[in-house]
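Sequence and predicted structure below; questions after.
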Amino acid sequence: MEFRANAPVDRSAATELWEAYRAARPDRATDTEPPSVEQFGDHPELTDELIELVLAGTKRATAALVAEFAADAQPLPRIGSHWIACDSTGRPRAVLRSTELRIAVLDDVDEAFARDEGEGDLTLEWWRDGHVRYWRRSALRLGFEWNKEQEIVLERFDVVWPEPSLESGQPHAL
């Protein structure tokens, strides 16, 4: 199946979003390096579905191959570090803060993590099926064959900007 690509991220708008967060929360925005600017997924439909789950409060975790970080010359995330999540048009939608990280392989992932990813029917079986399909595409794009022993970064995060509204507990729309 052929997918269209996401638009490039809007780094200028991401910098503006980061600066707004830093101005409002200097006590939390203490990263020494600018945050990475990322998109969930590998095609517009998936990317937009996942960012909407984040903004709705359903998705509070994500998983990526260690090899994906290496291919992009990106350091692995650190607990307390921030990153900016964009939609498929490249528009920054939220500043996220890493709250938990671990390196695992497919068989190490449990029901609780699958549920926190907030995707599909929230089961581990659904999570594994969906992620294996995604990682096979990613590995092919990066020039290797995926296998279940590939190291995975399991990350839990909070949406820290825009700040959640008092009424809904969800981030304000941007």
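Received, thanks.

separation between the closest residue to residue 7 other than its chain neighbours and residue 75?
Once flanking residues are discounted, residue 7 sits nearest to residue 90: 4.3 Å by CB to CB, 6 or more residues apart in numbering. Placement of C-beta: from N, CA and C, glycine included. Distance, residue 90 to residue 75, by CB to CB, to the nearest Å: 22 Å.

Now do the strands in this structure.
With strands called from DSSP state E, the chain shows them at 36-39, 61-65, 82-86, 92-104, 152-161.

Tell me which residues are up against the first one.
In this case it means strand 36-39. For strand 36-39, the external contacting residues (CB atoms under 8 Å, 6 or more residues apart in numbering) are 6, 9, 11, 14, 47, 51, 74, 83-88, 90, 92.

any idea of the mean pLDDT in that strand?
Mean pLDDT, computed over strand 36-39, is 96.

cool, the fourth one as well?
What strand 92-104 shows for mean pLDDT is 98.

Partner strands of it, with direction?
strand 82-86 (antiparallel), strand 152-161 (antiparallel) (DSSP bridges).

Repeat that for the shortest one.
Strand partners for strand 36-39, identified by DSSP bridges, are recorded as strand 82-86 (parallel).

quick check, distance from the strand it pairs with to the centre of its chain.
With CA atoms, centre = their mean, to the nearest Å as the basis, strand 82-86 stands 7 Å off its chain's centre.

average pLDDT across that strand?
98.

quick one, it and strand 61-65 angle?
For strand 82-86 against strand 61-65, the angle by axes from the mean of the first three to the mean of the last three CA atoms, to 10 degrees is 90 degrees.

more neighbours, residue 90 and residue 75?
More neighbours surround residue 90 than the other of residue 90 and residue 75, with 17 against 11 (other CB atoms under 10 Å).

Touching, residue 111 and residue 125? I think so.
No - applying CB atoms under 8 Å as the test, residue 111 and residue 125 come out as separate, 9.5 Å apart.

In this structure, where is pLDDT below threshold?
Along the chain, segments meeting pLDDT under 70 span 1-2, 164-174.

So which residues of it form helices?
Ranges of helices within the chain are 11-24, 44-56, 66-71, 111-117, 124-142, based on DSSP state H.

Same list, these, but as a markdown table with distance to residue 156 and mean neighbour count please.
Compiled in a markdown table, the helices of the chain are given as follows (distance: least, CB to CB, whole Å; neighbours: other CB atoms under 10 Å):
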| stretch | distance to residue 156 | mean neighbour count |
| --- | --- | --- |
| helix 11-24 | 19 | 16 |
| helix 44-56 | 12 | 18 |
| helix 66-71 | 17 | 15 |
| helix 111-117 | 6 | 18 |
| helix 124-142 | 14 | 15 |
